[in-house]
Each structure stands twice: as C-alpha cells, then as structure tokens.
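K.L.:
based on what follows, work out the 3D shape:
(one chain, ligands or ions: 1)
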Amino acid sequence: MEKSNWCRKSLLGIEELTNKEINQVLDLSKVFKNELSDVEKRSDHLKGKRIVNLFMEPSTRTRIAFEVAAKSLHADVISIAEQSSSLTKGETLRDTAMNIQALGADAIVLRHSSPGSPLFLSRIVDVPIINAGDGAHEHPSQALLDLYTLQEKLGSVKGKKITILGDILFSRVARSNFWALSKMGAEVTFAGPSTLVPKRFESMGAKVSHNLKESLSDADAVILLRIQHERQSSSHFPSLAEYTKIFGLNKNRSKWLKEGALILHPGPINRGVEIDSELADSSNSAILDQVSNGIAVRMAILYLCTNSTTS
Ligand code: CP
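P.N.:
Purely as a prediction, here's the structure:
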C-alpha cells in the first residue's frame, strides 16, 4: 500500500473533517472491504502495532468491530472495560491513558460518557486517539460507516433526502451523521418530538420536523435512533408507549415512505419501540450491512491514523 498522505493523527469528530478526508476514509474502506472478502488478499499493514480499546461505556458493535478491524490488519489488540480497570480504584482517565502509552500502545480507541474526552486525551498523550463515541457529542466511525453504507446502496448521497428520526437531542450519532451527510451534499431532516428535536437544530443547517408523515414522505433513507435513557436526567415525553404511538415506525406507517427507501439504525435496536421487527428485518433494512461495513471502515481509520504524516 502506498504511503498515506493523511495528516490527522487523531479522529475526534466529523465536524472538523474536510470532504477530501472523508472520501479518503471511504475509498480506503472499499479497498479493505475487498481484502476482507478474500483471505488471500488480506494484508498485515498494522503488524507490530498495539491498539488499545478503552471502553468506559457499554458497546457491542463498535468495540467488536474495532477489535476485528485491528486483528484483520495483524495488530495486537488489548480491550479494557471500565469495570476491569483501575479507574474503579480512583485512577484518573489522564493517568490511565499515560500508563497505556507507557505500556507501548500505538493508538487508543476511546468510548466515554463525557463529551470532549477524546480531545482532552489527544492533548495529553502522543499516540492517536480515536473517538468511539463521546457522550452526546460525536461518534465519527459510526457516521463514516453509515455514509459508506448509504453510498453503497444509493450511489451517492448528493441531493438525497435523509431523515434522522428519534432522540436527536442526546444522540452523538445524529450529530456526526449530520456533519457527514451534509458535507457530502445530502439534505438532512431531524425528526421526532419537539422535546427531543428542538428548533435550534435548524441553526446547524438541518431541517426540523415534528410531523412523522411529512418527515418520511420524501426521504430516500431514514436513520432511526433509540431513546438514549442513559443520558436523560428527566423524561422528555410522557412514556415510551406514547413515543411509540406517535413516532414509532411500523408496517402501516412505512407506507408513508417512498418505495425502496432505506431503513438504517446504528443499534442497539429497541424492537417495538422506535421500530417494529417487520421493518428492522425487511428487505429495505440496511442495518446489518451497517454493522458489517463497520469493520472495513474502522480498518481504514486505524490504518490512516497510525500512518499519519504528522505522527
Ligand atoms: N452503534 C453503536 O455504537 O453500537 P454499540 O453501542 O453496540 O457500540
């Protein structure tokens, strides 16, 4: 593989990425997806590198995909969860990261409940920090794999209408997806109850809708989000049943979608709440494609950040 001209050591968010950088990740993801499909083509670009997954919040998809991605490139991978680390004994995140660096890490993949924690660590340690989700701020690898999946299915997202439906207020996925999709020329609508989709999101450049039918009717794809109970200190709607009654996507309401409109969800899905099983498992659903594409996209992220021209 040619030397990368990627000059960003850490991946902290999508907001600061240029279109060229986004395309660079997606182009390399395509190469790696191709390699993954054939054992003979697999490469060892990260042989000898140590990748540490530091996950301070629960995760299934992101943690496993980063692990599989690093191992597919022949890196050594160490995964640490908060409960099994010395953070439970009062060690700070700063000291934890400094110690991980002293133990020879070449990159740290961080998931944390505090927005800005990856930026904080990137100013402390010398190794790349890859944001695997920081509070309600950003989830860049999710947005890149969502964009990759949408481009794979739609050709290009330029001029396409994408509705992001659900708990926008507390969602890092909504923010990162907005930046990725709008940079690539898509028209993004944030939809859901006014308490979870305040009008102020229009100042980012998104359309805001509190009308489910209207927000679905011209969408080329809808990205569903679950209610992020873990970030809500008070209830933003009367009950989950009420939310589902007004904003849940079911078979009947899916008739408001254009024929062939794609259904995406970053997971985990709460079946029967934001989406019914019939739709989550339908032929229009790209949910498991998102998960699979997450490996190649994270291979590209790990490769570029650990081969940055600034490192
Ligand atoms: N989409 C996502 O971040 O899923 P996990 O929390 O399982 O990693």
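
K.L.:
list the contacts of the spatially most central residue of the chain.
P.N.:
Nearest to the geometric centre of the chain sits Q142, at 1.5 Å (CA atoms, centre = their mean). Shown in contact with Q142 (CB atoms under 8 Å, 6 or more residues apart in numbering): T62, G133, R172, V173, S176, N177, P266, G294. Quick note: C-beta positions are derived from backbone N, CA and C, even for glycine.

K.L.:
looking at the residues you listed, state which has the most neighbours.
P.N.:
Among these, the one with the most neighbours (other CB atoms under 10 Å) is N177, at 30 neighbours.

K.L.:
list the contacts for that residue?
P.N.:
Q142, A143, D146, L147, I162, I164, V188, I223.

K.L.:
let me know how buried V273 is, in neighbour terms.
P.N.:
18.

K.L.:
hang on, it packs against G248?
P.N.:
Yes - contact status for V273 versus G248: in contact at 6.4 Å, counting by CB atoms under 8 Å.

K.L.:
ok, now how distant is L36 from L144?
P.N.:
16 Å (CB to CB, to the nearest Å).

K.L.:
for P193, same thing?
P.N.:
28 Å.

K.L.:
ranges for the strands of the stretch 1-150 of the chain?
P.N.:
In the stretch 1-150 of the chain, the segments counted as strands under DSSP state E, counting those that start in this stretch are 50-55, 76-81, 107-112, 129-134.

K.L.:
make JSON lines out of the ones you listed and add distance to the ligand.
P.N.:
Below are these laid out as JSON lines (distance: least, CB to the nearest ligand atom, whole Å):
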{"stretch": "strand 50-55", "distance to the ligand": "8"}
{"stretch": "strand 76-81", "distance to the ligand": "12"}
{"stretch": "strand 107-112", "distance to the ligand": "7"}
{"stretch": "strand 129-134", "distance to the ligand": "6"}
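
K.L.:
and those strands as a markdown table, adding distance to S203 and mean pLDDT?
P.N.:
Listed next are the strands of the stretch 1-150 of the chain as a markdown table, based on distance: least, CB to CB, whole Å; pLDDT from 0 to 100:
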| stretch | distance to S203 | mean pLDDT |
| --- | --- | --- |
| strand 50-55 | 32 | 98 |
| strand 76-81 | 37 | 96 |
| strand 107-112 | 27 | 98 |
| strand 129-134 | 22 | 98 |
